[in-house]
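Peer 1: I'll drop the sequence and a predicted model, then ask my questions.
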4 protein chains.
Amino acid sequence: MTTSKQKRLKSDMGSSTADRITVRGHDLVKDLIGKVSLGDMAFLELKGRLPTSKESTMFNAIAVTLVEHGMTPSAIAARMTYLGAPESVQGAVAAGLLGIGDRFGGSVEEAARILQEALGGSDRDAADLDELARRIVATHKERKRPIAGLGHPVHKPVDPRAERLFAIASETGYSGRFVELMKAISVEAAKTHGRELPVNATGAIAAIASELDIPWQVSRGLAVMARAIGLVGHIQEELQDPLAAEIWSRIDEESSSQ
Amino acid sequence: MTTSKQKRLKSDMGSSTADRITVRGHDLVKDLIGKVSLGDMAFLELKGRLPTSKESTMFNAIAVTLVEHGMTPSAIAARMTYLGAPESVQGAVAAGLLGIGDRFGGSVEEAARILQEALGGSDRDAADLDELARRIVATHKERKRPIAGLGHPVHKPVDPRAERLFAIASETGYSGRFVELMKAISVEAAKTHGRELPVNATGAIAAIASELDIPWQVSRGLAVMARAIGLVGHIQEELQDPLAAEIWSRIDEESSSQ
Amino acid sequence: MTTSKQKRLKSDMGSSTADRITVRGHDLVKDLIGKVSLGDMAFLELKGRLPTSKESTMFNAIAVTLVEHGMTPSAIAARMTYLGAPESVQGAVAAGLLGIGDRFGGSVEEAARILQEALGGSDRDAADLDELARRIVATHKERKRPIAGLGHPVHKPVDPRAERLFAIASETGYSGRFVELMKAISVEAAKTHGRELPVNATGAIAAIASELDIPWQVSRGLAVMARAIGLVGHIQEELQDPLAAEIWSRIDEESSSQ
Amino acid sequence: MTTSKQKRLKSDMGSSTADRITVRGHDLVKDLIGKVSLGDMAFLELKGRLPTSKESTMFNAIAVTLVEHGMTPSAIAARMTYLGAPESVQGAVAAGLLGIGDRFGGSVEEAARILQEALGGSDRDAADLDELARRIVATHKERKRPIAGLGHPVHKPVDPRAERLFAIASETGYSGRFVELMKAISVEAAKTHGRELPVNATGAIAAIASELDIPWQVSRGLAVMARAIGLVGHIQEELQDPLAAEIWSRIDEESSSQ
C-alpha cells in the first residue's frame, strides 16, 4: 500500500494477533489485565510506560479530581441527549463531553500552555520564576484577559482541591518548577489586582500535568477522559431516576408562554 | 421553583458548597483525592460506594481490557476529527466514542441484556442454567441472529482476554450465576452450530458486569468510559506523529480518480 | 495503493481538480451555485439527480417540517454545550443532533422500516393494503409496542402537519401505496385500540420518504439534516440572548439542595 | 417557576399548541410547509424573517457551496462512525460535523471576524478600506499568521467558487463594504507577500455572510448546517456501497505491521 512518497502509517498504541494483544508494548492479557488499575492504564496510554508508585498516586489524584462535578451543563446535555436517544449511551456521553470546552474544563489547557511556553526552553531551570510571573500577569492585564487557573466563583478564599493536589505533589516529588511558577503567578496577580487570586483546581492540574510532561495540547484530554466516567454515572442515575423529562417540560412551558 | 405537580429535581451524584465538594456522599478532597484510584472512583460513580479490594481488582480488570484496541474505526474517526478541529480535543474524543455502537463495544450491552433478562427474576438462583442456555441459543437460531459475546474473528480458538477475566472472576468471587450462564450458552451454541464458539472478551465483560449488578442499559458505558482514555492516547500520538493527513490524502486520491 | 484482493475505494459524492469541483456528477460552480436551492441540493445528495419541480415541492415540504420544534431536549443540549464550549459551534450542533434518536426524530426510521418491509417485494402494487395494515397492527399489539407514526401527545385530534403533507403529496403525485398503507394502519389501529390514532408528522414523513425511495435506514437522516439548521438558529439566539446559564443555575441549585 | 431574581426563559424560535405550531412567528403549517424551500427556512431561522427573492438567491448560493466536498476527513469520520454504530445515523453525522473546526470550515469564522471587527463601528461606510486592508495584512504578517479566506492549495490561480459567489453578490446587491474589504485584503496581501493570494470560497462566504448581517460567531454554523446534508449523503452511499471496512482494514494492517 505504500509508495516511495507516502508516509508510513505507524502507530505504537496497540495491535493484535490471533493469540496476543499488545498495548503500548505490553502484553494486555499477561501484564495488564488484573495487574494494573484503570488510572495506571491511562498513564501508560499517555506516557508509553507504566507509572512508578509516586507517579501513580499523583496521576490518579489529578484524574479523580476531574470525574464528577454534579449537575453541570455537561451533565444536563448528556441527560437531555439520553432522553431523546436512549439506544445510544455513547451519544449521551459524547454530547456531555462536547461541553468540556474553552469555558470549563478547557481552561486547564490554557493554563498549561502558559506554563509550558514560559518554561519550555532549555534554560527551564535557570529561569527567574518571579520575573516570568510578572510578565505573564502584565501581558494578561494589558490584553484584559483573566488568567486561566486562578480564582473560583464558589470555592473561596481557597480552592481546597488545589491545596490537596499541591500537598500530594510535594509528597510525591512533583512540586517542581511548573508548580512554583503557577504559585508565583497567583502571588503576582494578587499584587497587581489587589485581591486574593489563589490557584484553583484547574491551575493546580495544569501545573502538575506539566510536571508530568503532558503536552498542553492534550491536557484538556485529562478532563475529557475523567468526565467520561462521571457522565456514565449520570446516565445511570437518569436511567434509574429520570430528571431530563421534567427539566425539559419546565423549560418548554416557560419559554413557550407569552 | 417547584410546584405541587412538579417532580423534584434531585441528584445524588455530586454537589458543592464554598468549602466542600461532595461526590456520591464522600468528601472529594478529604476522602477521595490522593486516596482512591481512578478505577475505584469509576466504581463509586456507578455503585454509589467504594469497592472492596476484590471488587476493585475485578472492576479495574474489566475497565483495563476496554481501553485500547489499536487503530480501530473509532480511533480513525477521532484522528480525522482532530485534523479538522485541533482546537477541540473534546470533539475528537466525542467523535471516536460515537463509534462505540451496536457493532463494536455495544455488543456488551446485548450480551448483558440477554443474561440479565434470563436471570432477572426472583428465582435467579433456582433457574436451570442449561435449560436457559438452550432456550437462548434456540431463539437466536430461529431469528437467524448471532449471539452477542461469542466467537471472535481474530482471537481463535479462544479469546485470551475472556480466559483471563474469568480467572480473575474466580479468584475474586465473581464467578457466579451470570458467568456460568454465559459459559453454558457457549457450550450450547457449539453443540447447535457444530463449531467452537468460545466466550469472547465482550461476553466475559457482560457476564461479570452483571455479577457486579450493573444494569445492561449502561453496560455499554463501561466501554465508553474506558475508550475515552484510549482515544486521548491516540490524539496525543496524532499530535506528536500525525497520520490523519496521510490517511485522508490516500483515500481522497483513490476515491476521486476515475 | 490497491492490490488484487483490495476493494477499490470509490465514491460518487464529489471530487475536485484545480479548476473544477464536481458534486454528484454536476459542476458545482456552473450548474449548482446560484441555480439550485439548498433543499434541491439535499435532494441531489440523496438521489444522485436534481428534483423535478413536483419532487422539489414535496421534498422541501418534508425538510421544512423538521427544522424547528422550539425548546426541545435537543435544543437544550446544544445550548448547554455552547455554554461550555463557545469556541466550537460544531460541537454544540453535534450535541443537539445526538438527541435525534429512537425516541424523537428517530421514530421516522421505525415507521419507514415498517412500510418498506411491508411493501418491499416485487408485488408492491398487488399487495392488499388493508390486510397488511391488519397484520402490522396485530403484531404490534401482540408485542405490546406502540406503532411509530401514529398519535401525538399535543396535536389532537389530528396533527396538522400530517394533513398538510398528505395534501401536498396528493398535489404532487406522491400519494402512492406507502401513503395509503400508512393511512390504512391508522384506521386499523383506531379499530383495534378503540380510540383515534391519526397519522402524525413522523408517520406522514416516513410514508412520503418511502414514496421518494429513500431507504428507511437513512430516513432519520432527514430529521438530522433539517434539525442541524434549527440548532444553528438556537445557537444564534443563545449568543444574542443567553438562556443556558440561567437554566443551569436553576437546575444546579435545586438538585444540590437537600 | 420564576422568582424576582431569575431571568425569564424566553425563546422566539418556536412553540406549539394543540392545533398550531409557530416557527419564528410564522404558522408552520399554513405559511411554511409547501410554500418555502429549505434554504429559505434556514434564512428564517437565522434572520427571524423570510428572505426577499434576491436574499434567497444569495443565501442559497452560499449554503449550496458548503454542502459537499468529497471524501474529506469529516466524511471519513462519519463513515467510520457509521461502521461501528449503524443504529445511530445521528451519531455518524455528529462525528462528521465535529471536524468542521478551526482548520477547515471554521476558517470562515475567522475571516468573518476580521471583517466584522474592522467594519463593526458606526463609521462603517466612512472607513478607508485600503487602509483597513493594509493594517489587517500587516498585523497578520507581524504575528506570522496566514489570513483566513485567502489562497487555496488546489484551486489555483483562482477559486472558481469565490468568483461565482461574488458575481451573484453583484447581481443581488450584496457586493457591499464587506466584500470590497475582503477583495482589498487580497490585493494588499499579494503586494506584501509577492504572490497571488486570491479570495477563496471561505473568504467569499465570510464576506457575504457579513453583508447578510450574520454574526461571525455563528458563521461557522453555515458550514455546519450545509455539511450535515452532505454527511447524510455520504452515509447513504456508505449504506449502499460500503467503504469504511476496507479503509479500516488497510490502515489497521499497515499500522500494526512491524
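Peer 2: Yep, it's here.
Peer 1: Flag every residue of the stretch 1-150 of chain A that's near chain C.
Peer 2: A:1, A:3, A:70-74, A:76-77, A:80-81, A:83-88, A:91-92, A:94-95, A:98-106 (Cβ under 8 Å from any Cβ of the partner chain). No exception for glycine: its C-beta is placed from N, CA and C like everyone else's.
Peer 1: out of the residues you listed, who's near chain B?
Peer 2: A:1, A:70-71, A:86, A:88, A:91, A:94-95, A:98-101, A:105-106.
Peer 1: mind checking how far A:Leu97 is from A:Thr202?
Peer 2: 17 Å (Cβ to Cβ, to the nearest Å).
Peer 1: of those two, who's got more company?
Peer 2: A direct count of neighbours by other Cβ atoms under 10 Å in any protein chain shown for A:Leu97 and A:Thr202 places A:Leu97 higher, at 32 against 29.
Peer 1: Tell me which residues touch A:Ala245, please.
Peer 2: A:Leu83 (Cβ atoms under 8 Å, 6 or more residues apart in numbering or on different chains).
Peer 1: where's it, which helix or strand?
Peer 2: Assigned by DSSP states H and E, A:Ala245 belongs to helix A:244-256.
Peer 1: do A:Arg195 as well
Peer 2: With DSSP H and E as the test, A:Arg195 turns up in no helix or strand.
Peer 1: where do the helices sit along chain A?
Peer 2: For chain A, the helices defined by DSSP state H cover A:38-47, A:53-66, A:73-84, A:89-97, A:107-118, A:129-142, A:160-172, A:177-193, A:201-211, A:216-240, A:244-256.
Peer 1: out of these, nearest to B:Ser16?
Peer 2: B:Ser16 sits nearest to helix A:160-172 of all the helices of chain A, at 10.3 Å, using Cβ to Cβ.
Peer 1: Render the CA-only coordinates of that closest one in CSV, please.
Peer 2: The C-alpha trace of helix A:160-172 is given here as CSV (Å, rounded to 0.1, in the frame of the first residue of the first chain):
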residue,chain,number,x,y,z
PRO,A,160,-9.5,23.0,48.6
ARG,A,161,-8.8,20.7,45.7
ALA,A,162,-5.8,22.8,44.6
GLU,A,163,-4.4,22.7,48.1
ARG,A,164,-4.8,19.0,48.3
LEU,A,165,-3.2,18.4,44.9
PHE,A,166,-0.3,20.6,45.8
ALA,A,167,0.2,18.7,49.0
ILE,A,168,0.3,15.4,47.1
ALA,A,169,2.7,17.0,44.6
SER,A,170,5.1,17.8,47.5
GLU,A,171,4.9,14.3,48.9
THR,A,172,5.4,12.6,45.5
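Peer 1: could you check the angle helix A:201-211 makes with it?
Peer 2: Angle of helix A:160-172 versus helix A:201-211, following axes from the mean of the first three to the mean of the last three Cα atoms, to 10 degrees, is 20 degrees.
Peer 1: Give me the contacts around helix A:160-172.
Peer 2: A:54-55, A:57-58, A:61-62, A:65, A:155, A:174-175, A:179, A:183, A:198-201, A:203-205, A:208, A:211, B:19-21, B:28-29, B:33-34.
Peer 1: again, only this time at 7 Å
Peer 2: A:54, A:57-58, A:61-62, A:65, A:175, A:179, A:198-201, A:203-205, A:208, B:19, B:21, B:28-29, B:33-34 (Cβ atoms under 7 Å, 6 or more residues apart in numbering or on different chains).
Peer 1: What's the PyMOL syntax to select whichever of those are buried?
Peer 2: Per 16 or more other Cβ atoms under 10 Å in any protein chain shown, the buried members of the contacts of helix A:160-172 correspond to this PyMOL selection:
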select buried, (chain A and resi 57+58+61+62+65+175+179+198+199+200+201+203+204+205+208) or (chain B and resi 21+28+29+33+34)
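Peer 1: Flag every residue of the stretch 151-258 of chain A that's near chain C.
Peer 2: Residues of the stretch 151-258 of chain A found near chain C (Cβ under 7 Å from any Cβ of the partner chain) are A:244, A:247-248, A:251-252, A:255-256.
Peer 1: What are the buried residues along the helix or strand of chain A with the lowest mean pLDDT?
Peer 2: Among the helical and strand segments of chain A, the one scoring lowest on mean pLDDT, DSSP states H and E is strand A:14-17, with a mean of 88. Across strand A:14-17, burial judged by 16+ other Cβ under 10 Å covers A:14-16.
Peer 1: Neighbour count and distance to B:Ala133 for the ones next to chain B among the residues of the stretch 1-150 of chain A next to chain C - can I get that in CSV?
Peer 2: Formatted as CSV, these follow (neighbours: other Cβ atoms under 10 Å in any protein chain shown; distance: Cβ to Cβ, whole Å):
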residue, neighbour count, distance to B:Ala133
A:Met1, 14, 44
A:Gly70, 20, 43
A:Met71, 24, 43
A:Pro86, 18, 28
A:Ser88, 29, 29
A:Gly91, 35, 33
A:Ala94, 36, 35
A:Ala95, 38, 38
A:Leu98, 37, 42
A:Gly99, 32, 44
A:Ile100, 33, 43
A:Gly101, 28, 48
A:Gly105, 29, 45
A:Gly106, 26, 49
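Peer 1: Nice, that's everything, thank you.
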